[in-house]
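1. Here's a sequence, model it:
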Amino acid sequence: MSGMNELEIIIAALRDAIDGEVCSRSRVMDALLDVRLGAVDRPDVVALVDQALSELPGRSMVPAEWWRERLDGFEIAAINPVETVG
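-> Next comes the predicted model:
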């Protein structure tokens, strides 16, 4: 994991923890909050996490594919920070 920042490491660990077709909704919610805390200095990633939290599917289980797609989006944002103009 050389060359990865802390946020990328968190995201990679969460992706590695996905096992099966569905994930516990409460664990996904906790993980989203962990990503949000890890991205405190990245408003672009925080906005993506907030959007994912508002769209979190299911009552007790979340499709693993949905979770992977969100993690992919977080990772892309973490690798390619938005540069402010001004």
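2. which residues sit in contact with the residue nearest the centre of the chain?
-> Nearest to the mean C-alpha position of the chain, counting by C-alpha atoms, centre = their mean, stands L71 at 4.2 Å. Under the criterion of C-beta atoms under 8 Å, 6 or more residues apart in numbering, the contact list for L71 reads I11, L14, R15. For every residue, glycine as well, the C-beta is placed using N, CA and C.
3. for the protein, what spans make up the helices?
-> Using DSSP state H, the helices found in the chain span residues 6-16, 25-38, 43-55, 64-79.
4. who's in contact with the first one?
-> Pointing back at helix 6-16 there. By C-beta under 8 Å, 6+ apart, the surrounding residues in contact with helix 6-16 are 1, 4, 31, 34-35, 38-39, 42, 45, 68, 71, 74-75, 78-79.
5. Name the nearest of these relative to R59.
-> A31 (17.5 Å; C-beta to C-beta).
6. picking up where we left off before, give me the buried entries from the contacts of helix 6-16.
-> A31, V35, G38, A39, R42, V45, L71, F74, E75, A78 (16 or more other C-beta atoms under 10 Å).
7. ok, now how distant is the third one from V62?
-> Put plainly, it is G38. Distance, G38 to V62, using C-beta to C-beta, to the nearest Å: 20 Å.
8. Check the fourth one too.
-> Separation of A39 from V62 (C-beta to C-beta): 20 Å.
9. and what of the first one?
-> A31 sits 10 Å away from V62, taking C-beta to C-beta as the criterion.
10. need the helices of the chain in CSV with mean pLDDT, can you?
-> Output for these, formatted as CSV (pLDDT from 0 to 100):
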stretch, mean pLDDT
helix 6-16, 94
helix 25-38, 97
helix 43-55, 96
helix 64-79, 96
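11. Give me the nearest residue to V45, chain neighbours excluded.
-> Closest residue to V45 in three dimensions, ignoring its sequence neighbours and counting by C-beta to C-beta, 6 or more residues apart in numbering: A39, at 3.8 Å.
12. That neighbour reaches V46, doesn't it?
-> Yes: under the criterion of C-beta atoms under 8 Å, A39 lies in contact with V46, with a separation of 5.3 Å.
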